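S.K.: Next comes the sequence, and after it the predicted model I'd like to discuss.
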Amino acid sequence: SSTSKQQSPVPISVDQWGVNFVWSGTGYGASYYSKNLYVSGTSIQTAVDNANDGDTIYVAAGTYQEQVVVDKDLTIIGEAGTTIQRPTGTLTSHGVDGTTYEPLVYGHDCRFEFRDIDIDGNDGSGSLDYVAFLAESCDGGISGSTITNMDADSSVRTLGILVRGDSDYYVNMCDISGISWLGIGAQGDGAATGGADPAVSVRDNTVTGFEETGTPYTHAETGIAFLDGATGDATGNDVYDCRHSNGQAVGIYFYDGGDTMADNFVQNCDTGMYTNVDTAITHNEVTLCDIGLQDYSASTIEDNYMHANVGGMWIESPSTVQYNDVMANTNYGIFVKHAGAVFHYNNIVGNTNFGIEAAHGLTGVDATNNWWGHISGPYHASANSAGQGDDVDDGISHNPWTQFAQAHATVRVIDSTGAPISGVTIQ
């Protein structure tokens, strides 16, 4: 019969390795049935080994000390309180595009969904890159996982989530901390092998760095990175405390990869956001960083809130910078090194030294139609000595300016500890 009727899951058997097989009910007359496999207190890897493509493995609460490798089309879902923890001893290593990793959970060449299972790195690392979750040439995604204890002070690179190869993947609603190098990464092969690069959506995650300022640890941390040809977006994420004694830690980092940074909150990093590719950078808030945004390509930078950093934006490209709030930065609001950059309809207010500062000898920068904090416009010793707004440097065309502040995006307000305050309106 071709009639499609859903069957209620009915337990079939429990075999010697403690996995309860249940038909999932794919319809009478189907050529095969997928299964739901229930794991309780035993091995997730054993369930994977005995599963078929299309099966779902449900994992009961508990701590599973094992390395898990998936090469089948599977969904693995954890009950609340489910954790995979690094076992003692050496993990099996796996090479991807010339780099060898020790992954705690590794999916490759399959469709792999991984949901609501925490990963505890047990602060153990060997001599290779140690990654909590590695997806190589996979479709699917990871969501709802807390990843921690990834040997943050290790001399090797430790990573939370990494997506490589020909993948179409999402990373959603994960919480990552305790890593030495990278929280969430999407990395292509950099044309080294000519292979396909991953397309990744990174959304609604929290990454907290180790703030490695007191000791010269080996690696500068990055919260979220798109590298070497990987495409996709970083949207709605919170990134905190990516600091290093060398000043090179970054909250969100696009280097030869990535397309969109949107609706993110970045706080207390050496650099809040960095890009060297044409990027849509919209609706982000960056605060308490040494530099809020470094831009080295022709990006569109709109409706962002850069405040209480040392420097708000560093623009070294012919980018369009408009409708932003650049406020109360303790050195400059914007530092510009490219004459082709344009700045319109921004609120540039309360920055200590310059609202916009130009590289030495730069001329012809268009910064007209901005609000500088006062109706009299920006202060310039010769061009507008009566201006009571933020200072503007030589080489910046600033007249006309707007007569009032521009209405921009809703932003978060933080208290003295950095915690967001709700219910506050910025006028």
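M.R.: Everything's here; your move. Numbers count the residues shown, from 1 in each chain.
S.K.: so residue 45, which of the three states?
M.R.: helix (DSSP: H, G, I helix; E, B strand; the rest coil).
S.K.: Quick check: it vs residue 39, distance?
M.R.: From residue 45 across to residue 39, the span is 10 Å (C-beta to C-beta, to the nearest Å). The C-beta positions use only the backbone N, C-alpha and C, and glycine is treated the same way.
S.K.: Residue 226 now?
M.R.: In terms of C-beta to C-beta, residue 226 sits 34 Å off from residue 39.
S.K.: Residue 218 too?
M.R.: The gap separating residue 218 from residue 39 is 37 Å, by C-beta to C-beta.
S.K.: buried sites along stretch 274-293?
M.R.: 274-277, 279, 281-293 (16 or more other C-beta atoms under 10 Å).
S.K.: and that stretch, C-alpha only, in CSV?
M.R.: Extracted in CSV, the C-alpha atoms of stretch 274-293 (Å, rounded to 0.1, in the frame of the first residue of the first chain):
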residue,chain,number,x,y,z
TYR,A,274,37.8,42.4,11.9
THR,A,275,37.3,41.9,8.2
ASN,A,276,39.5,41.9,5.1
VAL,A,277,36.7,40.8,2.8
ASP,A,278,33.7,42.7,1.5
THR,A,279,31.3,42.3,4.4
ALA,A,280,27.8,43.5,5.3
ILE,A,281,28.3,44.8,8.9
THR,A,282,25.0,45.8,10.4
HIS,A,283,23.3,46.3,13.7
ASN,A,284,26.2,45.2,15.9
GLU,A,285,27.2,46.6,19.3
VAL,A,286,30.9,46.7,20.3
THR,A,287,32.1,48.1,23.6
LEU,A,288,35.1,48.1,25.9
CYS,A,289,37.5,46.9,23.2
ASP,A,290,40.8,48.4,22.1
ILE,A,291,39.4,48.8,18.6
GLY,A,292,35.7,48.3,17.9
LEU,A,293,36.0,47.4,14.2
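S.K.: and that stretch, how far out from the chain's middle?
M.R.: Chain-centre distance of stretch 274-293: 12 Å, with C-alpha atoms, centre = their mean, to the nearest Å.
S.K.: same question, stretch 319-335
M.R.: Counting by C-alpha atoms, centre = their mean, stretch 319-335 comes out at 22 Å from the chain centroid.
S.K.: just stretch 110-124 next, same as before
M.R.: The answer for stretch 110-124 is 17 Å, by C-alpha atoms, centre = their mean.
S.K.: Neighbour count: residue 226 and residue 39, which is higher?
M.R.: A direct count of neighbours by other C-beta atoms under 10 Å for residue 226 and residue 39 places residue 226 higher, at 33 against 25.
S.K.: Which strand residues bridge the more buried one?
M.R.: Note on residue 226: beta-bridge partners by DSSP bridges are residue 186, residue 254.
S.K.: Identify the residues contacting it.
M.R.: Residue 226 makes contacts with 185-187, 200, 232, 234, 253-255, 257-259, as judged by C-beta atoms under 8 Å, 6 or more residues apart in numbering.
S.K.: and it, what pLDDT?
M.R.: Looking at residue 226, its pLDDT is 98.
S.K.: Number the chain from 489, please
M.R.: Got it, the first residue is 489 from now on, which makes the last one we talked about residue 714.
S.K.: And it, how far from residue 659?
M.R.: Taken as C-beta to C-beta, the span from residue 714 to residue 659 is 11 Å.
S.K.: and for the two, which residues touch both?
M.R.: With C-beta under 8 Å, 6+ apart as the test, residue 714 and residue 659 both reach residue 688.
S.K.: pLDDT below threshold where in the stretch 539-688 of the chain?
M.R.: Residues of the stretch 539-688 of the chain meeting the criterion pLDDT under 70: 679-682.
S.K.: which residues of it fall in helices?
M.R.: For the stretch 539-688 of the chain, applying DSSP state H, counting those that start in this stretch gives no helices.
S.K.: Report the central residue of the chain.
M.R.: In the chain, the C-alpha nearest the mean C-alpha coordinate belongs to residue 712, at 3.1 Å (C-alpha atoms, centre = their mean).
S.K.: contacting residues for it?
M.R.: 671-673, 690, 693, 695, 722, 725, 727, 739-741.
S.K.: That one falls within a strand, correct?
M.R.: Yes. Counting by three-state DSSP, residue 712 is part of a strand.
S.K.: Thought residue 597 was touching residue 625, still the case?
M.R.: Yes. With contact defined as C-beta atoms under 8 Å, residue 625 reaches residue 597; the gap is 5.0 Å.
S.K.: which of those two has more neighbours?
M.R.: residue 625 (19 against 15).
S.K.: How about that one: what's its closest non-neighbour residue?
M.R.: residue 653 (3.6 Å; C-beta to C-beta, 6 or more residues apart in numbering).
S.K.: could you list every residue that touches the one you found?
M.R.: Neighbours of residue 653 in contact, by C-beta under 8 Å, 6+ apart: 584-585, 596, 624-626, 683-684, 686.
S.K.: which residues make contact with stretch 572-582 from outside it?
M.R.: Counting by C-beta under 8 Å, 6+ apart, 532, 551-557, 588-594, 596, 605-610, 612, 614, 616, 618, 622, 624 sit against stretch 572-582.
S.K.: and the end-to-end length of stretch 524-541?
M.R.: End-to-end distance of stretch 524-541 (C-alpha to C-alpha, to the nearest Å): 11 Å.
S.K.: typo on my end, it should be stretch 556-563
M.R.: 13 Å.
S.K.: re the thing from before, could you identify the most distant pair in the contacts of residue 712?
M.R.: 693 and 741 (14.5 Å; C-beta to C-beta).
S.K.: If any of the contacts of stretch 572-582 are buried, give me the ChimeraX selection for them.
M.R.: Command for ChimeraX that selects the buried part of the contacts of stretch 572-582, burial taken from 16+ other C-beta under 10 Å:
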select :532,552,554,555,556,557,589,590,591,592,593,594,596,605,606,607,608,609,610,612,616,618,622,624
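S.K.: Is it correct that residue 685 is in contact with residue 677?
M.R.: Yes. Counting by C-beta under 8 Å, residue 685 does reach residue 677; the two are 6.6 Å apart.
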